[in-house]
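K.L.:
my questions are about this predicted structure, shown below with the sequence.
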Amino acid sequence: MNSRAPVIWWIRRDLRLADNPALTAAVNSGAPVLPVYILDPQDEALGAAPKFRLGLGLSHFARVLEQVGSRLILRRGPALAVLVDLIGETGAGAVQWSRLYDPQAISRDTDIKAQLKAQGTTVQSHGGRLLFEPWTVETKTGGMYKVFTPFWKSVRMRSIEGLLPAPDKLAAPDRWPASDDLAAWTMGAAMRRGAEVVARHCRVGEAAAQARLDEFLADKVLAYKDRRDFPGEDATSGLSENLAWGEISPHRLWHRGRAAMEQADQGAETFLKEVVWREFAYHLMYHSPHILTGSWRPEWQDFPWSQEAVPQVQAWQRGQTGYGFVDAAMRELYVTGKMHNRARMVTASFLTKHLMAHWKIGMDWFADTLVDWDPAANAMGWQWVAGCGPDAAPFFRIFNPSSQLEKFDPSGAYSRRWIAEGQGCPPQTALDFHDAAPRAWNLSADIARAEPVISLQAGRARALTAYRKYRDSG
């Protein structure tokens, strides 16, 4: 390769400089590095909130690259065609990228690698998004793990690659190719008036992610095991947003968490289990990609969930079910683009069991509204609650949103934070929901609290009856 022929660093969900094997390989080649992000059809299809958050991440990362003497080149179109054009324009001799593991990305990347190699371009893909490549973790008899606890036991003591330093400088090419204007992509268009509200709750970029981790390990990890289920408390790391876009690596979380565990921090092992739970979701998606589109357990494929967007489902989406835990959670989602994990379980159970709506309705709604949307975690989470996924909670485990609220929000702090109706002086977070919600919903802080859309007892009884009939028919 010509010594001045640049290497293309194809950026995907790895918006960071440190702990980035693809970037390290590009730098170590000694060639000028050409950072490129391609808005291809797969990312064009992202839901409103993830696409908006990606736009924020790209804008921030462009400024970070300028600080190390580089710049972010933006191109739009089918990834193969864009890369071929860039190689022709710049004379680039190599392309480096971090692996993705969903079936669409695997198919695209496999084709790109074959075609570019055929034309004489060096192509390398790297890890970095996962602690362990999915093909390196197997049961003793071969094959994938289908239950989390044995998976955790098999990997908890495995060696993990060390942390890679961020480069101080990126060698620039002799000539920069043209770049699209990020603003012209209107990444937040589908958010409409909610964009400004949600943006206030995002902590964007690698420095913010590392600061979040520092804060968590300094102030919260000791109580994490005992307090992480209380949504009214600031007891979690909040790092799912940054992990989703690769602004921090799971390796950094692992090594820092292990160090905390060795210092006898009580919550550190629980935190590491959550990191590995994400890993488990990715391994399942890689080995059984149908988890993204249908029931992972085939025997659940014909379960009589409703697939209609009935008024009760619309009430769920709008935080108008009449149940405080569910409504607070759905409003938190609309205001921040995130939702506390305990709340995710309660809202998912209410939709799939009390309302008997298909889990894919919820999965698709989250895919449109989460700034920390992750294909593997979203699919596994919904199927876990619904009862049709791997290592799932049994269907007859039906969360009661009222008793869950009493147990995990006894002071009512979570409900007050997100539900304005009925409060004489509601907090700004609760008012923000009405600023972010579409006008077509006709919601206002001045209206009365919603009446329950269904009796909890009746909803539970209906779900259990449907379950028994389906089980007995099989």
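P.N.:
Done, it's in.
K.L.:
neighbours of Gly120, how many?
P.N.:
9 (other CB atoms under 10 Å). Bear in mind the C-beta positions are built from the backbone N, C-alpha and C, glycine included.
K.L.:
quick check, it in a strand?
P.N.:
No: using DSSP: H, G, I helix; E, B strand; the rest coil, the secondary structure at Gly120 is coil, not a strand.
K.L.:
tell me how far it lies from Leu72.
P.N.:
As judged by CB to CB, to the nearest Å, Gly120 and Leu72 stand 26 Å apart.
K.L.:
could you do Lys51 as well?
P.N.:
Distance from Lys51 to Leu72, counting by CB to CB: 17 Å.
K.L.:
neighbour-wise, which of these two wins?
P.N.:
Ranked by neighbour count (other CB under 10 Å), Lys51 and Leu72 place Lys51 first, with 23 against 20.
K.L.:
before we move on, what SS does the more buried one have?
P.N.:
Three-state call for Lys51 (three-state DSSP): helix.
K.L.:
name the single longest strand found in the chain.
P.N.:
Secondary structure assigned by DSSP state E gives strand 33-39 as the longest strand of the chain.
K.L.:
mean confidence for that one?
P.N.:
For strand 33-39, mean pLDDT rounds to 98.
K.L.:
so which elements touch that strand?
P.N.:
Identification of packing neighbours for strand 33-39 by 3 or more CB pairs under 8 Å, 6 or more residues apart in numbering; DSSP states H and E yields strand 7-11, helix 21-28, strand 73-76, helix 79-90.
K.L.:
in JSON lines: those, plus mean pLDDT, distance to Ser249 and mean neighbour count.
P.N.:
Output for the helices and strands packed on strand 33-39, formatted as JSON lines (pLDDT from 0 to 100; distance: least, CB to CB, whole Å; neighbours: other CB atoms under 10 Å):
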{"stretch": "strand 7-11", "mean pLDDT": "98", "distance to Ser249": "14", "mean neighbour count": "25"}
{"stretch": "helix 21-28", "mean pLDDT": "98", "distance to Ser249": "9", "mean neighbour count": "21"}
{"stretch": "strand 73-76", "mean pLDDT": "98", "distance to Ser249": "23", "mean neighbour count": "20"}
{"stretch": "helix 79-90", "mean pLDDT": "98", "distance to Ser249": "23", "mean neighbour count": "18"}
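K.L.:
coming back round to it: so the longest strand of the chain versus helix 21-28, what angle?
P.N.:
Per axes from the mean of the first three to the mean of the last three CA atoms, to 10 degrees, the angle that strand 33-39 makes with helix 21-28 is 150 degrees.
K.L.:
just the CA trace of strand 33-39, in PDB.
P.N.:
Provided in PDB are the C-alpha atoms of strand 33-39 (Å, rounded to 0.1, in the frame of the first residue of the first chain):
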ATOM      1  CA  VAL A  33      -6.700   7.900   8.800                       C
ATOM      2  CA  LEU A  34     -10.000   8.900   7.100                       C
ATOM      3  CA  PRO A  35     -12.900   8.700   9.600                       C
ATOM      4  CA  VAL A  36     -16.100   8.000   7.700                       C
ATOM      5  CA  TYR A  37     -19.700   7.600   8.800                       C
ATOM      6  CA  ILE A  38     -22.200   6.300   6.300                       C
ATOM      7  CA  LEU A  39     -25.900   6.800   6.700                       C
END
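K.L.:
where does pLDDT dip in the stretch 101-250 of the chain?
P.N.:
For the stretch 101-250 of the chain, applying pLDDT under 70 flags no range at all.
K.L.:
how about the helices in it?
P.N.:
Secondary structure of the stretch 101-250 of the chain (DSSP state H, counting those that start in this stretch): helices at 103-118, 148-155, 194-199, 206-215, 224-227, 240-244, 250-262.
K.L.:
of all the ones you listed, which one is nearest Val313?
P.N.:
Smallest distance to Val313 across the helices of the stretch 101-250 of the chain (CB to CB): 19.8 Å, for helix 194-199.
K.L.:
not counting its own residues, what contacts the closest one?
P.N.:
49, 52, 56, 188, 191, 334-337, 371, 432, 435-437 (CB atoms under 8 Å, 6 or more residues apart in numbering).
K.L.:
tell me the one of these nearest Arg4?
P.N.:
Distance to Arg4 across those (CB to CB) is lowest for Leu56, with 34.0 Å.
K.L.:
run a quick neighbour tally on that closest one.
P.N.:
Leu56 has 20 neighbouring residues, counting by other CB under 10 Å.
K.L.:
which of the residues in whichever strand or helix holds it are buried?
P.N.:
If you go by DSSP states H and E, Leu56 is part of helix 48-67. Buried residues in helix 48-67, counting neighbours by 16 or more other CB atoms under 10 Å, are found at 48-58, 60-62, 64-65.
K.L.:
and the contacts of that helix?
P.N.:
By CB under 8 Å, 6+ apart, the surrounding residues in contact with helix 48-67 are 11, 15, 17, 35, 37, 43, 46, 71-72, 74, 170, 182, 185, 187-188, 190-191, 195, 198-199, 202, 204-206, 241, 244-245, 247, 337, 367-373.
K.L.:
who are the contact partners of Arg16?
P.N.:
By CB under 8 Å, 6+ apart, the contact list for Arg16 reads Ala166, Glu206, Ala209, Gly246, Glu247, Ile248, Ser249.
K.L.:
please redo it, this time with the cut-off set to 10 Å
P.N.:
23, 57, 61, 64, 128, 166, 205-207, 209-210, 242, 245-249, 252 (CB atoms under 10 Å, 6 or more residues apart in numbering).
K.L.:
confirm that it sits in a strand.
P.N.:
No: judged by three-state DSSP, Arg16 forms no part of a strand; its state is coil.
K.L.:
distance check, it against Val204.
P.N.:
Noted for Arg16: a distance of 12 Å to Val204, by CB to CB.
K.L.:
ok, Trp373 next?
P.N.:
15 Å.
K.L.:
between the two, which one's more packed in?
P.N.:
Comparing Trp373 with Val204 by other CB under 10 Å, the one with more neighbours is Trp373, at 24 against 21.
K.L.:
shouldn't that one be in contact with Ser240?
P.N.:
Yes: counting by CB atoms under 10 Å, Ser240 is a contact partner of Trp373 at 9.5 Å.
K.L.:
what's the overlap in contacts for these two?
P.N.:
Counting by CB under 10 Å, 6+ apart, the shared contacts of Trp373 and Ser240 are Lys338.
K.L.:
sec struct for the residue nearest to Ala392 when sequence neighbours are not counted, please.
P.N.:
Nearest residue to Ala392, sequence neighbours excluded (CB to CB, 6 or more residues apart in numbering): Trp384, at 4.8 Å. For Trp384, the assignment made with three-state DSSP gives helix.
K.L.:
tell me the pLDDT of Trp384.
P.N.:
Predicted confidence (pLDDT) for Trp384: 95.
K.L.:
what about it, how many neighbours?
P.N.:
Residues lying near Trp384 (other CB under 10 Å) number 21.
K.L.:
likewise Gln96?
P.N.:
If you count neighbours by other CB under 10 Å, Gln96 ends up with 25.
K.L.:
when you give positions from now on, start the count at 819
P.N.:
All set: I'll call the first residue 819, so the last point we hit is now Gln914.
K.L.:
just say helix, strand or coil for it.
P.N.:
At Gln914 the chain is in strand, as set by three-state DSSP.
K.L.:
report the beta-bridge partners for it.
P.N.:
Under DSSP bridges, the beta-bridge partners of Gln914 are Trp827, Gln942.
K.L.:
residue contacts, it?
P.N.:
825-829, 838-847, 851, 940-944 are the contacts of Gln914 under CB under 10 Å, 6+ apart.
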